[in-house]
Structure formats: C-alpha cells, structure tokens
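1. Sequence unavailable; structure follows:
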C-alpha cells in the first residue's frame, strides 16, 4: 500500500540554504511575534464586540427595518393594492370584456360570415372569367411567342457561332501562345531571383540578429539572471518557511500569554469576587433573609389577612344595615310565586297491558 511506503528521500541542501535559514528565521520571529500578539488581541476583541454589540445591534436594526419598510408594504399590498386590483379587474370585466364579447358574438361574427360569403361569390365569378375568357387568349399569345422565340433563337445561334470562331482565333490562341512561350519563362526567372535574394537577405539578418541580440541575451540569462534567480528563490523559500514557523511559534506564545493573562485576571478579580460572594455576601444575605425579610413577609401576610377579614366584616355589616333600612321603609317584601319551569312530563310508552282508547284507558 501507499501508506506503508517509506517517505521519498529529500535532496541534500546546499551551504547557502543552511547559511541563510537561521538568521532569516531569527529576524522573522522577532518581527512576527508582536504582529501575532496584536492580531490575536484584535481577534478576541472583535469576537467580543460581535457577540455583545454587533449581533444585538444587527437584530435590532433588522427588526426596525422590518417594522419601517417590510410590514407597511405588506399591509399596503394585502389590504389596499390587492382589493383595489380585484375591484378594477371586476370593473374591467363588467365594463370592457363582457360588452366586447357581446359585440364580437352578435355583431362582428355575422358581419364576417357575410363578408366571407360575398368574397366566395366574387372569387367564383373571377375564376369563371379566367377559365372561359382569359385562358384561351393567354394560350394564343403563348403560341405566337413560342414561334417568334424559335426564329430569334435560330438567328442568335448563327451569330454566336461566328463570333465565337473569331474570338478563338483572334484572341484566345495568341494569348495562349504568349503565356506559354513568353510570360512563363520570364516569371520563372523572376521567381528564382526573388528566392535567391530573400534567402541571402534572410541569412544576413538572421546572423546579424543572433550575434547582436540572441547570444548576449543568452549569456546574460545563463551567467547572470539564472544564478541570481536561484539565490532569490532560495531566499524567498526560506523567508516563506520562516514566516510559517514564526507565525506558528507566535501563535503558541500568544496562547501562553493569553492563558497567563486569563489566570492573572481570575486570581486578581474572579477568585476574590467569588470568595467575597461565598464567604461574606451569601451568609449576610441568608441572615438578612431569615432575620428581616421572612418576618416582614409573614407580618405583611398577616396584616393582609386581617385587613381582608375586616373589610369582609364591614361589607357584611353594611349589607345587613341596608337590608334592615329597606325593610323599615318599604316593609317586608312578599315571597315570589314559584313557577315550575321544568319541561312537561312525557307520557309513558305503550305496553301489552295498557291501552290508549277511552274505554280501556288505564
């Protein structure tokens, strides 16, 4: 398996790499540690600010935005625009669509049928005229045109044959002889001269450019730029590796410093506050609760109960006094007549031993 294979051997490092690595890492570590400490402090502050300020503020702004922009438009759409649109649609259907439909069905459709019937009649009349009048006249004219065309074609063929013979022996044959025995040798000679001239000029330009530009540029690349580029690549790679190592080491140092500051904060503020809360405030609170608050609460409940009883007794006394005064002024009111408000009783169902007739009614 690939996991069981030993790691590939690394190529040996040169003396330049070893000489550059240690000072570069020391310098980068000294420069990166303060930056990483400041970065971690900013990250912690940003997280605290996001959790305590920005997120609640964002939720409040979101709620305010909904209350100011979304909900009014939703209410406007739901309770104003939609009913108005429905009313306008109903009015348009009643005032426009229905009358237009009636006009189309009862006016335009009969008119269209009448126009179609008239057009069919006119077309049938024109077709009869064309078949019985215009067609024979057209056939006669076509026969005359064919005869005249045949005569003109015969005359044209004779003229064309004479003109072709004259053009062949007066123009084409001399032009072919001139092209084959004069222009072709001259063109080949000119082509050979042009090829030779271009080849010579190209070779001269090639070697001139090679000697003046290519060879110096190749030497500059091979003996100056390539070595400098290798050195700069080694330095850049080492700087990048040093930055990575320094950033990780600075992160660990920042974590250690943060834990130390957290421990100091806990020892200086949290633990004393916790000790004061557990050893001082809690017993004092229990003492105040047991000695002051609980008796005060019981006394308040007792006072409330006595007050409620007193008020109930006063209400009963006032009610009795009012009843006695009414009886003394107006006399004792008579008892109301009791009215049977129950439903009427249903008759018993019939059985084998009973009858519903008058003579045999039980």
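-> Here it is on my side, so go on. Note that the coordinates shown come from a computational prediction; the quantities given were computed from them, not determined experimentally. Numbering: from 1, shown residues only.
2. Report how many residues lie close to residue 238.
-> Residue 238 has 21 neighbours, counted by other C-beta atoms under 10 Å. Backbone N, C-alpha and C define where each C-beta goes, glycine included.
3. any idea how far it lies from residue 34?
-> 21 Å (C-beta to C-beta, to the nearest Å).
4. same question, residue 51
-> 26 Å.
5. what stretches of this protein score poorly on pLDDT?
-> 1-22, 24-25, 331-362 (pLDDT under 70).
6. same thing but at 50, please
-> 1-3, 5, 358-362 (pLDDT under 50).
7. Please, where are all the helices along it?
-> Taking DSSP state H as the test, the helices found in the chain are 15-49, 55-65, 71-76, 82-92, 98-103, 109-129, 135-167, 173-178, 184-209, 215-220, 226-265, 271-276, 282-288, 294-330.
8. Now do the third one: which elements does it pack against?
-> Counting contacts by 3 or more C-beta pairs under 8 Å, 6 or more residues apart in numbering; DSSP states H and E, helix 71-76 packs against no other helix or strand.
9. Just the buried positions in that helix, please.
-> Residues of helix 71-76 include none that count as buried (16 or more other C-beta atoms under 10 Å).
10. Offset the numbering so it begins at 316, please.
-> I'll keep to 316 as the first residue from here, and by that count the last item is helix 386-391.
11. Check the offset of that helix from the chain's centre.
-> 23 Å (C-alpha atoms, centre = their mean, to the nearest Å).
12. ok, now the second one?
-> Its chain's C-alpha centre and that of helix 370-380 lie 22 Å apart, by C-alpha atoms, centre = their mean.
13. for stretch 632-651, same thing?
-> Relative to its chain's centre, stretch 632-651 lies at 82 Å (C-alpha atoms, centre = their mean).
14. just stretch 504-517 next, same as before
-> Mean C-alpha position of stretch 504-517 versus that of the full chain (C-alpha atoms, centre = their mean) differs by 67 Å.
15. Check stretch 434-445 too.
-> Remark: stretch 434-445 is offset 65 Å from the chain centroid, using C-alpha atoms, centre = their mean.
16. what do you get for stretch 386-406?
-> Here stretch 386-406 is found 28 Å from its chain centre; the criterion is C-alpha atoms, centre = their mean.
17. and if you look at stretch 548-565?
-> Centre to centre, stretch against its chain (C-alpha atoms, centre = their mean), the figure for stretch 548-565 is 40 Å.
18. Please apply the same query to stretch 444-458.
-> Counting by C-alpha atoms, centre = their mean, stretch 444-458 comes out at 73 Å from the chain centroid.
19. before we move on, what about stretch 542-562?
-> Distance, centroid of stretch 542-562 to centroid of chain: 43 Å (C-alpha atoms, centre = their mean).
20. Stretch 582-600 now?
-> That offset, for stretch 582-600, works out to 54 Å (C-alpha atoms, centre = their mean).
21. Start and end of it, how far apart?
-> Start to finish, the residues bounding stretch 582-600 are 25 Å apart (C-alpha to C-alpha, to the nearest Å).
22. And stretch 582-593, by the same measure?
-> Stretch 582-593 has an end-to-end distance of 16 Å (C-alpha to C-alpha).
23. Return the set of buried residues in that stretch.
-> So, applying 16+ other C-beta under 10 Å, stretch 582-593 has no buried residues.
24. what does that stretch rub up against?
-> Around stretch 582-593, nothing counts as a contact under C-beta atoms under 8 Å, 6 or more residues apart in numbering.
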